[in-house]
Structure formats: structure tokens, C-alpha cells
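Asker: I'll drop the sequence and a predicted model, then ask my questions.
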Amino acid sequence: MLQPFRYLPPKIELQNASLTEVMASPTPIKLLLIAGSERANLLAEPAFAAVAAQIALGQKAPYRLSDHSGVQLVIFVDPAEARDHRRYKLVRDWVAPLAALKAERLALHLCGFDDENRAELAELVLATLLAANVALPTHKQRADVPVSYQQLSVSPACNLDLNRILAEAEGNGLARHLAVLPASDLTPKSYRALARELAEAEGWQWREYDEAELTRLGAGAFLAVARGSADGQAAIVKLSYCPANAQRRLALVGKGICHDSGGYNLKVGGSMYGMHLDMGGSAVALGTLLAIRRARLPYEVHCWLAISENHIGPLAYKPGEVVIAINGTTIEVVDTDAEGRMVLADTLALAAGDKPDLLIDYATLTGACKRALGSRYSGAFTNRPAWLGELISLGQQSGERIWPFPLDEDYDDNLDSEWADLLQCAPGSSPDHIDAARFLSRFVGAETPWLHLDLSGFRNKGGNGVVSSEVTGFGVRLTLDLLASPLC
């Protein structure tokens, strides 16, 4: 049974309360973040004697105070610390123990910070609390029922875009929810139905290009992958959000392979386990669309989901075939486990046809990118090289770190085919993440600003950025930061 995504955001209040008032309040859990400059004065006060004792005993933060008014967790923070992966890891560590306290109300108080540092730190902690507040689906019979926050308060009041913070949490939550659904639940058929139901609920325009329509259009790259399922359930789904105040047009494209067996190039040695997550790129695209809608950003957004499975069977595509993509490009198939670039090729060509001001695609695309970066970063490719420095900075700022790779045209030598316009991938050893990006570039015109994200960071033990779960939904927060940057 497909478990629906339900997101009930907590009420967030900004209050002009003092430290003393917060500590005396009946809120059961208080998270007190104290600037390092206030440490000595605070520890000299009788109310914080227990904290001084914990420090003397060599205990690590958060320091705990308990009395009739509830539990108070005290953390000393150096405002000068850079906002990078170390700060994000610290905040995840602060927030993680709070789940065991099973409280529905929490107060966050920041003492001793200037306005800028207070707002930045409050946003980061709130985003982490909200990410932890998302209950992911499970099939365990005896799963613990999580207690979610119903009310969060922040003091003293600071300049926070609460609408954006809540929108991001919901969009990222949707991406993670979809990704952890097992392959028995999220099939191409049920995924298409879910997308349509979401479009109807949100008032988005909806269109499906089913296999019959794609055959008429000549989308041979996508259909080659879909053939192996032999059930006619694959489709390219387009969801469009067109607000009246739209200033620019954005295209989001996501790889939606609900299960990847590798096809005739069958995955072996346990590498097929977890391949229900191969639709992660589409989940990020859909989550980003929802976040943009919730944040009411002035963008016309067209979200394209390439939904299929990569199965093996008598109709499945084979190495050595030549197929024709929707833009007429002929492709010599080399490895049926390189199916992601095949379904994305036709989908990117359709998306680029809308003439967007920016096109972003998300895909758990290559093992090569994960071998190059591990799972803490994702790879970035763009046909706008001047963006690269800013993209690195945005990754650090958002906590969803990216690292750029080259997209130089001389890498096309790896894709020279004797029989077709290009090889699907290079036989033998190659920088396959770069080859894949060069392959995809054939389906996006040079006039279209394009960012390709190879999501090696979509699954990382310990989380990424503000997200503590292993499945991170990597890309939603980064994209919202990108849309707020000078690049857009």
C-alpha cells in the first residue's frame, strides 16, 4: 500500500523573551544557545552551577539542566565559526537527542549574538528541527510512533523567512518520503497516480506522455529502457506551476527509475540492493516544485519526471542496439545499466523545448561520481562555467555540498561511435560521470542555461546538511538557495 505523505507543520512563534523568562516558562524543552562571549558571566550565575560542574567533569555539550519547568539544554557557540559542513554537523548533533525527549513543544533561545548571527543560527537550527520532524514511511509492525513538534518558539525575535523555512522542510520531506518507499509500493503506475493526485490537490497543470505518445514522438532512448518492463506503465510526466507573478521560467527534470536491475548488464554482488532509490532525482525535482509552490516564489516551473523501471526480459534493450532519440540523435547502446542517461535524454529534449531561463536536472546517475566524491558531496556540471565558483559557495552555504567537474567538448572523443551519432557510454574504463554529462549535453541546447546534478550525496550515513536521515533529499535546499542567489 502506498503510504501518503502527510506534513503538518508546527506553529512557529517569534517572541521577545529574555533568557530568564524562557527558562521560567512552562515549555517542556528549551534549547539555549549562548554566545561564547557570554560563557564566563553565565557560568558564574547560581542557576548555571550544574552546567559549570558538568564542564568541570569533562562532559560535552549539550549541558542539561532539569527542574520543575522542564529540561534545558545549554550549548555555547562561537559566532565566528564558519557556516560550513562542520557547523551543520554540530547542529545535527544538537538536535538528534531531542527526539528521545518526545516533546511536542520546544523553545529555542539565542543569547549574546548580534542580529545577523542570531538570524543565521536560528534559521539553521529551525531547518534541522523541521527536517527531523518528518516521519518517514515504514513497514515495521512495531515501529515507534514518533512524537512531532506542534509548537516551536524562537527568542529573541529575529529576521526569519518562516514561509521559506517551512516550504523547504515540506519539499525535502516529500523527496525523502518518496525515496524510501519500497519498490513494491512505488511502481511506475503508482508513481504516476501519485503525481496526478498531487497536481490536482495543488492546482498544477498535469500532462502525461505515456508509451503510446512517446512512440508517436519518437522518444526511442526512453522507450528502449521501458521495453524491459513490458507492462506499458512507463511515462514522462510534466507538472506545471504557473503563478500570476512569475518573472522567470524554470525547468526541473528528474530521473525516476523506480527499480534498476541493470537490465542485461545485470547488477551483481549486492549492487542491486537499494536500487528502488534510483528514482531519487525525480523525488528531488518534485519536492523542489512543492517547495517553490509553498514559498510562493515568482517562477513558472515545469517539472518533468522520467518514470520507468530498468528490467530484464525478452523485450529488454541490449548492448549493440542503435536507438533514435526524440531529437533525431542516434545512440549505440553499450551498457544497459546506463539507463539513466537514456531516459533523461528524451526528457531533457522535451524540457529544453519550453525555452526555460534555467534547466536543472537531478539524477542518481553514476557510480563514477560517487567513487570520485563519496556520498558527502554531489557532482555538478554546467554549460555556464562562470557559475562554478558561486555554485561551490552555495553548496557550502546550504549544507548540500557540490563539486564541479569539467564539461569540455574534447571529452566527446570517449563517445565516438562507428555506427551511430554517439555511444551511450564509453566501453571499458573512463570518467563515466563526465561522459554522462557530455552525453546529456547533446539534448540541451547551448542557449539554455543548464545545471546537471549527479546526486552522489542523496544517501549518506549520518545525513547531510540539515537532514539527519541516511536518505537526504539532497538538492531541494540547494535549489532554493540557488534561486535566491545572484545567478538567478
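Answerer: Great, that's in hand. Residues are numbered from 1 along each chain as shown.
Asker: ok, now which ones touch Q397?
Answerer: Going by Cβ atoms under 8 Å, 6 or more residues apart in numbering, Q397 touches R83, D481. (Glycine included, C-beta is placed from N, CA and C.)
Asker: pretty sure it sits in a helix.
Answerer: Yes. Assessed with DSSP: H, G, I helix; E, B strand; the rest coil, Q397 lies in a helix.
Asker: next one: it from R384, what distance?
Answerer: 19 Å (Cβ to Cβ, to the nearest Å).
Asker: before we move on, what about A195?
Answerer: On the measure of Cβ to Cβ, A195 and R384 end up 30 Å apart.
Asker: the more surrounded of those two?
Answerer: A195 (24 against 16; other Cβ atoms under 10 Å).
Asker: the protein - how does it break down into domains?
Answerer: As given by automatic domain parsing, the domain ranges for the chain are 11-138+145-158, 181-483.
Asker: which strands border the helix-or-strand element of the chain with minimal mean pLDDT, and is each parallel or antiparallel?
Answerer: Lowest mean confidence among the helices and strands of the chain (mean pLDDT, DSSP states H and E): strand 63-67, at a mean of 87. Paired neighbours of strand 63-67 in the sheet (DSSP bridges): strand 70-77 (antiparallel).
Asker: which is the next helix or strand following the strand it pairs with?
Answerer: Using DSSP states H and E, the next helix or strand after strand 70-77 towards the C-terminus is helix 85-95.
Asker: which elements pack onto the helix or strand that that following helix is followed by?
Answerer: Sequence order places strand 105-111 as the next helix or strand after helix 85-95, per DSSP H and E. Counting contacts by 3 or more Cβ pairs under 8 Å, 6 or more residues apart in numbering; DSSP states H and E, strand 105-111 packs against helix 19-24, strand 29-35, helix 115-132, strand 151-155.
Asker: to T330, which of these lies closest?
Answerer: When those are compared by Cβ to Cβ, helix 115-132 sits nearest T330, at 44.5 Å.
Asker: how about that closest one: buried residues?
Answerer: Of the residues in helix 115-132, 117-132 count as buried by neighbour count, 16 or more other Cβ atoms under 10 Å.
Asker: same check on stretch 67-78?
Answerer: G70, V71, Q72, L73, V74, I75, F76, V77.
Asker: surely the third one touches A50?
Answerer: I take that to be Q72. No. Here Q72 lies out of contact with A50, judged by Cβ atoms under 8 Å, at a distance of 9.7 Å.
Asker: re earlier: any chance of the buried residues of stretch 67-78 in a markdown table, with distance to T27 and pLDDT too?
Answerer: Output for the buried residues of stretch 67-78, formatted as a markdown table (distance: Cβ to Cβ, whole Å; pLDDT from 0 to 100):
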| residue | distance to T27 | pLDDT |
| --- | --- | --- |
| G70 | 6 | 82 |
| V71 | 10 | 89 |
| Q72 | 10 | 90 |
| L73 | 12 | 92 |
| V74 | 15 | 93 |
| I75 | 17 | 94 |
| F76 | 21 | 94 |
| V77 | 20 | 93 |
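Asker: ok, back up a step: for P406, find the nearest of the helices and strands packed on strand 105-111.
Answerer: helix 115-132 (32.4 Å).
Asker: and the closest one with strand 105-111, angle?
Answerer: Orientation of helix 115-132 against strand 105-111 (axes from the mean of the first three to the mean of the last three Cα atoms, to 10 degrees) gives an angle of 160 degrees.
Asker: ok, A56 - how many residues close by?
Answerer: 9.
Asker: let me fix that: L478
Answerer: Using other Cβ under 10 Å, L478 is surrounded by 28 other residues.
Asker: other SSEs contacting the helix or strand harbouring it?
Answerer: L478 is part of helix 476-483, with elements assigned from DSSP H and E. The contact analysis (3+ Cβ pairs under 8 Å, 6+ apart) places helix 476-483 against helix 162-180, helix 280-295, helix 388-398.
Asker: tell me which of these sits most buried.
Answerer: Most buried of the helices and strands packed on helix 476-483, by mean neighbour count (mean count of other Cβ atoms under 10 Å): helix 280-295, with a mean of 28.
Asker: got the angle between the least confident helix or strand of the chain and strand 29-35?
Answerer: Relative orientation of strand 63-67 versus strand 29-35 (the same axes, to 10 degrees): 140 degrees.
Asker: export strand 63-67 as CSV, just CAs?
Answerer: This file holds the C-alpha atoms of strand 63-67, laid out as CSV (Å, rounded to 0.1, in the frame of the first residue of the first chain):
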residue,chain,number,x,y,z
TYR,A,63,24.7,20.5,29.1
ARG,A,64,21.5,19.6,30.8
LEU,A,65,19.5,21.5,33.5
SER,A,66,16.3,19.9,34.8
ASP,A,67,13.8,21.5,37.2
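Asker: contact partners of it?
Answerer: By Cβ under 8 Å, 6+ apart, strand 63-67 touches A47, F48, A50, V51, Q54, I55, V71, Q72, L73, V74, I75.
Asker: next, the buried residues of that strand.
Answerer: Y63, L65.
Asker: how many residues are close by the closest residue to Y88 other than its chain neighbours?
Answerer: Once flanking residues are discounted, Y88 sits nearest to G399: 4.2 Å by Cβ to Cβ, 6 or more residues apart in numbering. G399 sits with 27 neighbouring residues when counted by other Cβ under 10 Å.
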